[in-house]
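**Q** Predicted model and sequence follow; I will ask about them next.
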Amino acid sequence: MAGSRSIERREVIASRISLAAALFSITIGGLVMVGWIAEIPVLQSLAPFWISMKANTAVCFIMLGLALLILRSPMVSAPRRWAGWTATVVVMLISLLTLAEYLFTWDVGIDQLWVREQAGTAVTLYPGRIAPNTVVAFLLIGSGLLLLDLRTQGCRITQYLALGAGLIGLLGLLGYLYQTRLFIVVAPFTPMAFHTALTVFVLSIGILSARPGCGMMITILGDGPGGRNLRLLWPTVLLLTTVFGALALLGLRREHYDAPLSMALAMIAVIVAFSVILFRFSTSLEQADQQREAAAREARQLNAELEQRVRERTVELENAVKELEAFSYTVAHDLRSPLRGMNGFSRYLLANYQDRLDERGRDYLARISKAAERLGRLIDDLLNLARISRIPLKVEEVNLSTLAREAIEELRRREPERRVTVEIVPGLTVSGDRGMLRTALGHLLDNAWKFTGKRDDARITVGSIDQAGERVYYVRDNGAGFDINYMNKLYQPFQRLHTEEEFTGTGMGLALAQRIIQRHGGRIWAESSEGEGATFYFTVG
C-alpha cells in the first residue's frame with residue numbers, strides 16, 4: 001500500500017511537471033512576441049549580441065504549449081482534443097515549410113509574417129527564419145503530441161521523440177555553456193537562441209511527464225531498484241559530466257594547461273564521476289539483495305509457523321473426526337437397539353393384544369411404531385451424511401441412464417399402484433463413484449416420484465443439456481414444485497418445504513445429493529414454481 005501511494009505521489013508530481021512545462025512554453029513564447037511587437041531587445045535575445053528567438057519560433061512555442069496543456073489529460077473532451085491537434089498540425093506545417101525553404105532555397109513568405117526583422121545583422125543570416133535544429137525539434141515534439149493518445153506503443157514512440165527533441169535542446173544549452181557555435185548552428189543557417197534551446201528542453205520533459213503510467217515512465221517512477229537508481233543517477237550523470245566538461249574547457253581557454261592535459265583532466269573527472277555513480281549503484285544493489293535475503297528469511301519463518309499451525313489444526317481435525325466417529329458409533333448402536341425394541345413391542349402389542357385395546361390405544365401404538373421407523377430412517381440418513389466426506393472415491397465410467405432405470409424400478413416395486421411416465425435419455429455417462437452417484441440420483445428420483453404423487457399424469461424425465469460448453473444433467477418432474485425464494489433451505493439437513501402430512505420424508509435426501517455432487521467436483525441447482533413441477537440440474541467433475 002505504501003509503495004502504491006508513493007508511485008501515485010510521483011505520478012502527481014510528473015503531471016504537475018507536464019503542466020509547468022506547458023505554461024513555461026506559453027510564457028516564453030508570449031514574452032518573445034511582446035518583445036518583437038514592442039521592440040524590447042532583451043525579450044528577443046536575452047543579452048546583447050546573443051541570438052534572438054524568431055517570431056515564428058515564439059508562435060510555435062505558444063501553440064505547442066497550448067497543445068500540451070490540452071492533450072496532457074487523457075480525459076479531455078473531443079472538441080478540446082481536436083483543438084490541441086490543430087495547434088500541433090499548424091506548428092508542424094510551419095516547420096515543414098521552413099525546412100523546405102532551407103533545402104530548396106525557397107521563400108514562401110512565412111519568415112516575417114508577424115514582424116519584420118533587419119537583414120544582415122551579426123546574429124541573423126535569414127531574417128525571421130526558424131533555425132533548422134529548432135525545426136527538427138518542433139517536428140519531433142509535434143509528432144509526439146499527435147501520438148500521445150495512442151495506446152502503449154504510441155506512448156513509447158512519443159517518449160522517444162521527446163527524448164530526441166530534448167537532446168537537441170540540451171546540445172543548444174551546452175553550446176552556450178561551452179561558448180561554441182557547433183551545438184547552436186547548422187552552418188550556414190540560422191543559429192538557435194538560448195531561450196529556444198531551454199524551452200525545447202523543458203517542453204520535451206513536459207511531454208515525457210504527460211503520461212506517467214506508460215512506457216519508460218513506469219520504470220522511472222517505479223519503486224523498484226531500477227526506478228530508484230535511475231532517478232538518482234540520471235540527473236547526477238547529466239550534472240557531473242556537464243560541470244566537469246565546462247571546467248576542463250575553462251582551464252584550457254585560460255591557458256592553465258594545453259589541450260592534451262585538458263582532455264586527460266576531463267577523462268579523470270568523468271572516471272571519478274562514473275566511479276561515484278557505480279559505487280552508488282552497487283550499494284543500492286547490495287541493499288536490495290540484503291532486503292531480499294531479509295524477506296526470504298521472514299518468508300521461511302512464516303512458512304515454518306504456518307506449517308506448525310497446519311499440524312496443530314490437523315491434530316484438532318483428527319480429534320474432531322474421531323469424536324464424530326465415536327458419536328456415529330453411539331448413534332448406530334446405542335440408539336438403534338431401543339428403537340428396534342420400541343418398534344417391535346409396538347407391533348407385537350398390535351398383533352396379539354389389539355382385542356384388549358380400544359381404538360385410541362391401537363392408534364397410539366401405531367403412531368409409536370411409525371415414529372420409531374421414521375427416527376430409524378433419520379439415523380440412517382444422518383450416518384450416511386457423515387460417511388460421505390470420509391469414504392474414498394472409486395472413480396470409474398458410470399452410466400447414469402442405467403442407474404436411473406434401476407432407481408425407477410425400485411420405486412415401482414415399492415408402489416406398484418402408481419402410474420408414472422418416465423423418460424430416461426440413454427447413454428448418459430460420467431466418471432465418478434458408482435455407489436455414491438447411485439445414492440445421489442436415487443434421492444433426486446425419489447423426490448420427483450414423491451412430489452408427483454398427487455398427479456394422475458405424473459411425468460419424470462432424466463436427461464442432459466450443453467450449457468456454456470459444459471455437460472449438465474437434470475431430473476425433471478411435473479409435481480408439486482416449490483417456491484424458488486426458499487431454495488436456500490433445500491440442501492440443509494432436516495429442512496423441508498412441505499409438511500409431513502403433505503409429503504413424507506426426512507428432509508435429508510437433497511442434502512445427501514449435494515454432498516455427493518460436491519465430492520465429485522460438481523454443483524447442483526434447481527428451477528421450480530409452485531404447482532408446476534421442478535427441475536434439478538447437476539454437473540459431475
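**A** Yes, it's here. Owing to the predicted nature of the structure, the values given are computational and were not obtained by experimental measurement. Numbers count the residues shown, from 1 in each chain.
**Q** going forward, measure contacts and count neighbours with C-alpha atoms only.
**A** Noted.
**Q** Give the buried residues for stretch 532-541.
**A** Neighbour counts using 16 or more other C-alpha atoms under 10 Å place G533, A534, T535, F536, Y537, F538, T539, V540 of stretch 532-541 among the buried residues.
**Q** Quick check: the gap between the second one and S18.
**A** When C-alpha to C-alpha, to the nearest Å is applied, the distance between A534 and S18 equals 65 Å.
**Q** Redo the buried residues of stretch 532-541 as a markdown table? Include secondary structure.
**A** What follows is those, written out as a markdown table (DSSP: H, G, I helix; E, B strand; the rest coil):
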| residue | secondary structure |
| --- | --- |
| G533 | coil |
| A534 | strand |
| T535 | strand |
| F536 | strand |
| Y537 | strand |
| F538 | strand |
| T539 | coil |
| V540 | coil |
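**Q** of these, closest to Q290?
**A** Nearest to Q290, judged by C-alpha to C-alpha, of the buried residues of stretch 532-541 is V540 at 50.0 Å.
**Q** Burial check on the nearest residue to the closest one once chain neighbours are set aside, number of neighbours?
**A** Once flanking residues are discounted, V540 sits nearest to G522: 4.5 Å by C-alpha to C-alpha, 6 or more residues apart in numbering. G522 has 15 neighbouring residues, counting by other C-alpha atoms under 10 Å.
**Q** go on, A83?
**A** Neighbour count of A83, defined by other C-alpha under 10 Å: 15.
**Q** and the chain, what are its domains?
**A** Using automatic domain parsing, the domain parsing of the chain gives 2-223, 393-538.
**Q** Do me a favour and get the end-to-end distance for the shortest one?
**A** Domain 393-538 has its terminal residues 18 Å apart, counting by C-alpha to C-alpha.
**Q** Can you pull out the low-pLDDT segments for the stretch 101-250 of the chain?
**A** Applying pLDDT under 70 to the stretch 101-250 of the chain flags the ranges 118-125, 151-154, 181-188, 219, 221-234, 244, 248-250.
**Q** Tally up the residues packed near V108, please.
**A** Counted with other C-alpha under 10 Å, the neighbours of V108 add up to 10.
**Q** if I pick it, what's in contact with it?
**A** Counting by C-alpha atoms under 8 Å, 6 or more residues apart in numbering, V108 makes contact with L97, E101.
**Q** Tell me the secondary structure at it.
**A** coil.
**Q** returning to what we had before: wait, the residue nearest to V540 sits on G541?
**A** Yes: taking C-alpha atoms under 8 Å as the definition, G522 is a contact partner of G541 at 5.1 Å.
**Q** Could I get the full set of helices for the stretch 1-150 of the chain?
**A** 2-37, 41-45, 55-71, 78-104, 132-146 (DSSP state H, counting those that start in this stretch).
**Q** so which of those helices comes closest to E409?
**A** Proximity to E409, assessed across the helices of the stretch 1-150 of the chain by C-alpha to C-alpha, is greatest for helix 2-37 (65.6 Å).
**Q** Same question for the closest one: list its buried residues.
**A** Within helix 2-37, the residues that qualify as buried by neighbour count (16+ other C-alpha under 10 Å) are 7-8, 10-11, 14-15, 17-36.
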